[in-house]
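J.: missing the sequence, but the structure's below:
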């Protein structure tokens, strides 16, 4: 099973709402990632968790709050977002978080902030 | 700043034509290089990668790429494209950590 799943597929939220994105993998991978992809742009790294610890935060605003409850799950908590945060949010995982490891991507959550 | 350049933003080909997509990076140290593909409505998936050894790398679906260190390049090639190759192609690098830096992408359209 080389699948990374993400829920929900689509999410519409207001600027005052609190919502969460969920990502799951059962490949035994120990590194998990959140990326943001705007339309017609490449994915941009937001956060990296390695062995359930946050290892990289790419200066992401605090209205995005990641959480890694266990090695299979990764959440992204959203609060007080802005319309410009509308994008496709991608989750990925890799075996050990090495620079040479392949990252496996999920299908993404398409977020619209009204 | 380190960057990845894909100069071909949009490529249009007929089936059976040969394909070469350019990728250049701006970093003088050790790099690991990847090509990912995003088919319409599907998730990003790895085509091939290079981190050491033979600079000519073969990937899935008949794709290959050649690492030319002196040119800081990792161009993607396929001798004969099919309509099903229509997709967005991203070159990406890692530079010692698992932070994946993507190029701007190339949209490939293949017409029957």
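T.: Alright, I've got the coordinates. Model, not experiment: these values are computed from the prediction.
J.: switch to C-alpha atoms for all contacts and neighbour counts from now on
T.: Will do.
J.: which residues of the chain score low on pLDDT?
T.: In the absence of a named chain, this looks at chain A. A:1-2 (pLDDT under 70).
J.: um, chain B though
T.: In chain B (pLDDT under 70), the answer is B:1-2.
J.: what parts of it come near chain A?
T.: Residues of chain B found near chain A (Cα under 8 Å from any Cα of the partner chain) are B:32, B:42-46, B:51, B:90, B:94-105.
J.: of the residues you listed, just the buried ones, ChimeraX syntax please.
T.: Buried residues among these (16 or more other Cα atoms under 10 Å in any protein chain shown), as a ChimeraX selection:
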select /B:32,43,44,45,46,51,90,94,95,98,99,100,101,102,103,104,105
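J.: in strands only, show me the residues of chain B next to chain A.
T.: Residues of the residues of chain B next to chain A located in strands (DSSP state E): B:32, B:45, B:46, B:90, B:94, B:101, B:102.
J.: so the fifth one bridges to which residues?
T.: Translated: residue B:94. Beta-bridge pairing for residue B:94 (DSSP bridges): residue B:32.
J.: OK, contacts around it?
T.: Residues in contact with residue B:94 (Cα atoms under 8 Å, 6 or more residues apart in numbering or on different chains) are A:99, A:100, B:31, B:32, B:33, B:100, B:101.
J.: now, among those residues, which is nearest to residue A:4?
T.: Residue A:4 has its nearest neighbour among the contacts of residue B:94 in residue B:100, at 17.3 Å by Cα to Cα.
J.: nearest spatial neighbour of the residue most central in space within chain A, chain-adjacent residues omitted?
T.: Most central in chain A under Cα atoms, centre = their mean is residue A:34, positioned 2.9 Å from the mean C-alpha point. Distances taken as Cα to Cα, 6 or more residues apart in numbering or on different chains place residue A:91 nearest to residue A:34, at 4.7 Å, with adjacent residues excluded.
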